[in-house]
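Peer 1: Fold the following.
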Amino acid sequence: MSKPAAGPRTRLILTALSLTVLASLVLAACTGSVAISPADLLQAGADYFTGAPSGLAATLIELRVQRALGALVTGASLSLAGVLMQALLRNPLADPYVLGISGGAAVGALTALLCCELVWMMQLAAFGGAILVAGLLFVLAYRDFRGSGTAEGSATTLLLTGVIVSSGCMALITLMLSLTPDSRLRSMVFWMIGDLSATRSSIFTWLVLLGVLAYVLGRARAINISVLYSDSAATLGVSLGRLRKGLFLCAALLTASAVSTAGAIGFVGLIMPHACRFAWGPDHRLLLPASCLAGGSFLVLADTLARTVIAPQQLPVGVITALIGVPVFLLQLHQHRQHHGH
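Peer 2: As a prediction, this is how the structure comes out:
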């Protein structure tokens, strides 16, 4: 068991990231097709906390803050899931969707959208689909989760299994889209791209995020050892099989929670762990909480841009994250190659 690194540098980084999260939430509350001044923001906030919200500003702030909090927990969950997937597979290109868990969520969500248009039913079906695929992966790759074989071989087998399951899910998704009436096709496509327009912060998604974060922070030292010295982890006191099971379960829960809330938003779980690792190093005692904060604030800012760039129309936030994520990732890759040589 290990505790988060608590040096002055770590505290400074996490404090700066926490302030960035707060600033992104304030910006999201003030920005939109109808702008709200800082004075109106303070007054509406005071009215809201005293139990007497009134006026347009208070209503807009309540709606925007709920959506921003949903973006915050979704971005933090995806970023943390990305860190865990990269540690589990020992592959820096891994992201929360690499094993096909999001494909299971998409099958569940699109099935619910075909049958009804209730948001809670769609979210429940998406979460159930993701957990079902995660359970299938666990059964198919159980030997790898026990820690038998080399770390590289186990990661490769798990990755290949996930790719095959993901391909099956994509076939089902294509079939459902081809059979969908035009009246429902737009909402289904928006969900698959990633959309926060109907997202609200829920207690369940926060409990999943905070519970997983607490669990993995307690095992940050073991994660460091498994990434750097996986073949000799047992001699260093790390049960690799138990750790793999824990990382997979945590990543699956985070991915299922995030995707069922906001759809398959790409690049957050790939570029934010990379950016944090490049900026502050690979120590998971700092990388885990820093990725959560950075991923959450990034998605809040991206959603604010999606709401305002062609206001009053809104873009799917997945489009914004992709447009930002592609050049950012290529830049990170170029800098990484320069840093380590050709």
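Peer 1: which helices and strands sit right next to the helix or strand Ser166 falls within?
Peer 2: Assigned by DSSP states H and E, Ser166 belongs to helix 151-179. Applying 3 or more CB pairs under 8 Å, 6 or more residues apart in numbering; DSSP states H and E, one finds that helix 151-179 contacts helix 55-89, helix 101-115, helix 119-140, helix 142-145, helix 182-193. All C-beta atoms are positioned from the backbone trio N, CA, C, and that covers glycine.
Peer 1: Turn these into a markdown table, including distance to Ala251.
Peer 2: Conversion of the helices and strands packed on helix 151-179 to a markdown table gives the following (distance: least, CB to CB, whole Å):
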| stretch | distance to Ala251 |
| --- | --- |
| helix 55-89 | 4 |
| helix 101-115 | 8 |
| helix 119-140 | 9 |
| helix 142-145 | 12 |
| helix 182-193 | 21 |
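Peer 1: which one of the ones you listed lies closest to Leu287?
Peer 2: Distances from Leu287 to each of the helices and strands packed on helix 151-179 were compared by CB to CB, and the smallest falls on helix 55-89, at 6.1 Å.
Peer 1: buried residues in the closest one?
Peer 2: Within helix 55-89, the residues that qualify as buried are 57-58, 60-61, 64-65, 67-89, counting by 16 or more other CB atoms under 10 Å.
Peer 1: Now do it against helix 151-179, angle only.
Peer 2: Orientation check (axes from the mean of the first three to the mean of the last three CA atoms, to 10 degrees): helix 55-89 against helix 151-179 gives 140 degrees.
Peer 1: Quick one: mean pLDDT over helix 55-89.
Peer 2: Taken as a whole, helix 55-89 carries a mean pLDDT of 87.
Peer 1: Please apply the same query to stretch 119-134.
Peer 2: The predicted model gives stretch 119-134 an average pLDDT of 87.
Peer 1: Show residues contacting stretch 176-183.
Peer 2: Judged by CB atoms under 8 Å, 6 or more residues apart in numbering, the contacts made with stretch 176-183 from elsewhere in the structure are 107, 110-111, 113-114, 185, 188-189.
Peer 1: Over to stretch 264-271?
Peer 2: Outside stretch 264-271, the residues within contact range by CB under 8 Å, 6+ apart are 74-75, 78-79, 81-82, 85, 93, 95-97, 102, 105-106, 191-194, 258, 295, 298-299, 317-318, 321-322, 324-326, 328-329, 332.
Peer 1: With stretch 202-214 instead?
Peer 2: Under the contact criterion CB under 8 Å, 6+ apart, stretch 202-214 has outside partners 70, 73-74, 76-77, 80, 250, 253-254, 257-258, 261, 288-289, 292.
Peer 1: Any regions of this protein where pLDDT drops low?
Peer 2: Screening the chain residue by residue with the criterion pLDDT under 70, one finds the ranges 1-6, 45, 47-58, 117-118, 144-154, 230-237, 336, 338-342.
Peer 1: Grab the most central residue of it for me.
Peer 2: Computing the C-alpha centroid of the chain and ranking residues by CA atoms, centre = their mean puts Leu78 first, at 1.0 Å.
Peer 1: I'd say it and Ala256 touch.
Peer 2: No: here Leu78 lies out of contact with Ala256, judged by CB atoms under 8 Å, at a distance of 11.3 Å.
Peer 1: Please enumerate the shared neighbours of these two.
Peer 2: Between them, Leu78 and Ala256 share no neighbouring residue, with contact defined by CB under 8 Å, 6+ apart.
Peer 1: Asp95 sits in which helix or strand?
Peer 2: In this assignment (DSSP H and E), Asp95 forms part of neither any helix nor any strand.
Peer 1: How about Tyr97?
Peer 2: Applying DSSP H and E as the criterion places Tyr97 outside every helix and strand.
Peer 1: That one and Thr255 touch, don't they?
Peer 2: Yes: under the criterion of CB under 8 Å, Tyr97 is in contact with Thr255, at a separation of 7.1 Å.
Peer 1: more neighbours, those two?
Peer 2: Taking other CB atoms under 10 Å, Tyr97 and Thr255 do not tie; Thr255 has more neighbours (32 against 24).
Peer 1: list the helices and strands the helix or strand the more buried one falls within packs on?
Peer 2: When secondary structure is defined by DSSP H and E, Thr255 falls within helix 240-262. On a contact count with 3+ CB pairs under 8 Å, 6+ apart, helix 240-262 meets helix 55-89, helix 101-115, helix 119-140, helix 142-145, helix 203-217, helix 220-228.
Peer 1: And the nearest residue to Leu110 once chain neighbours are set aside, how close does it get to Ile13?
Peer 2: What sits nearest to Leu110 in space, not counting adjacent residues and going by CB to CB, 6 or more residues apart in numbering, is Met176, at 4.9 Å. For Met176, the distance to Ile13 equals 44 Å [CB to CB, to the nearest Å].
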